[in-house]
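>>> the sequence and its predicted three-dimensional model are supplied below.
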Amino acid sequence: MRMWEEIKKQWASGGILNRLILFNVGVFVVLATLQLAGRMGVGDFGFTRPEAYGLATSWDLSVLMLRPWTVLTHMFVHTGVWHLAMNMLWLHWMGRLFVTEFGPRRLLSMYFVAGLAGFLLYAIVLNVFPGMRQGTYAYGASAAVMGIMAAAATAQPNRTINLVFLGAVPLKYLTIGWVALDYFALSGSDNTGGHLAHLGGAVFGYFAVMESRRGRDWVRWFESILDAVVGLWASSRDAVTPQGGRQRRTKRKSARAGRADRFKSDEEFNLERKQQSAEMDAILDKISKHGYDNLTAEEKEFLFRQSNT
């Protein structure tokens, strides 16, 4: 029970990055449990691989037309502990770097859009070049993670990552190395579709950052969709609440305010971060000169909030 309480705490208090990781892990646990139940004869779930549940995507248009939702669901499906662990570790490392540069809202959008870019390259190449086909289905968060990694490397190319046996390696070289491995693996790997998806995600992440510097936002459209979905969900909850008109309007206003807090623009996020940093510097300077006990109640509260973010 303690573990479950800790998971609920992390979900409630964690940011977008923690929730993405927990959601991926949760999907894996559920699917693995259903598979185990099927093998034990508890129920005939017809599950041997994710495609049986209609969660994996495919290059085959006849299959894709019957399960269009899989262009999104495949990003959360993993077939083994090692597959899941590697993707989630890299998502954690690269996601933290990404959030410091672009903010949590952009992380969620990049995850989905880079995953879609990986799917598009995978589907297009395997339809145009049938000789490269080695399977019908694809799944995993790798394309999304590669997009986040490439975006972080483009924004912070000289940021170093400490690797076992190699020491401090600039992020740009680490990313180039991974991209090169995926590219050369195309000629002899039994996972051609996966490597294509990785490359698609990485290429999108790189160009998304480069184009944003020219004023062209390749991710904003997905954020608009998220805003619309959240708005519809909040409105539907208001519609079924048996309250008076004024109370419903107040609730809708609160919901809009909550969405504004969750989905800040990049400019708002960066401005808020600068303001918080300046306030933190001023408080730390005051502590060094006059001691912690001379802080006001508001300053102590600010320090407490920052230590828990």
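Yes, it's here. Numbers count the residues shown, from 1 in each chain.

>>> so where's the stretch 151-300 of the chain shaky on pLDDT?
237-270, 292-293 (pLDDT under 70).

>>> the helix or strand hosting F207 packs against which elements?
Secondary structure from DSSP states H and E places F207 in helix 192-212. The elements that helix 192-212 packs onto, with contact taken as 3 or more CB pairs under 8 Å, 6 or more residues apart in numbering; DSSP states H and E, are helix 104-128, strand 137-138, helix 142-155, helix 171-185. Every C-beta, even on glycine, is put in place using the N, C-alpha and C of the backbone.

>>> tell me what angle that helix forms with helix 142-155.
30 degrees (axes from the mean of the first three to the mean of the last three CA atoms, to 10 degrees).

>>> give the buried residues for the helix or strand just after helix 192-212.
Using DSSP H and E, the helix or strand that follows helix 192-212 in sequence is helix 220-239. Within helix 220-239, the residues scored as buried using 16 or more other CB atoms under 10 Å are 222-223, 226, 230, 234, 238.

>>> just the CA coordinates for helix 220-239, please, in PDB.
The C-alpha atoms that make up helix 220-239 are tabulated as PDB, following Å, rounded to 0.1, in the frame of the first residue of the first chain:
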ATOM      1  CA  ARG A 220       1.600  25.000 -31.500                       C
ATOM      2  CA  TRP A 221      -1.200  23.300 -33.500                       C
ATOM      3  CA  PHE A 222      -1.100  20.300 -31.100                       C
ATOM      4  CA  GLU A 223      -1.200  22.600 -28.100                       C
ATOM      5  CA  SER A 224      -4.300  24.200 -29.500                       C
ATOM      6  CA  ILE A 225      -5.900  20.800 -29.800                       C
ATOM      7  CA  LEU A 226      -5.000  20.000 -26.200                       C
ATOM      8  CA  ASP A 227      -6.600  23.300 -25.100                       C
ATOM      9  CA  ALA A 228      -9.700  22.500 -27.100                       C
ATOM     10  CA  VAL A 229     -10.000  19.000 -25.600                       C
ATOM     11  CA  VAL A 230      -9.500  20.200 -22.000                       C
ATOM     12  CA  GLY A 231     -12.100  23.000 -22.700                       C
ATOM     13  CA  LEU A 232     -14.600  20.500 -23.900                       C
ATOM     14  CA  TRP A 233     -14.000  18.200 -21.000                       C
ATOM     15  CA  ALA A 234     -14.400  21.000 -18.500                       C
ATOM     16  CA  SER A 235     -17.600  22.300 -20.200                       C
ATOM     17  CA  SER A 236     -19.100  18.800 -20.200                       C
ATOM     18  CA  ARG A 237     -18.500  18.500 -16.500                       C
ATOM     19  CA  ASP A 238     -20.200  21.800 -15.900                       C
ATOM     20  CA  ALA A 239     -23.200  20.800 -18.000                       C
END
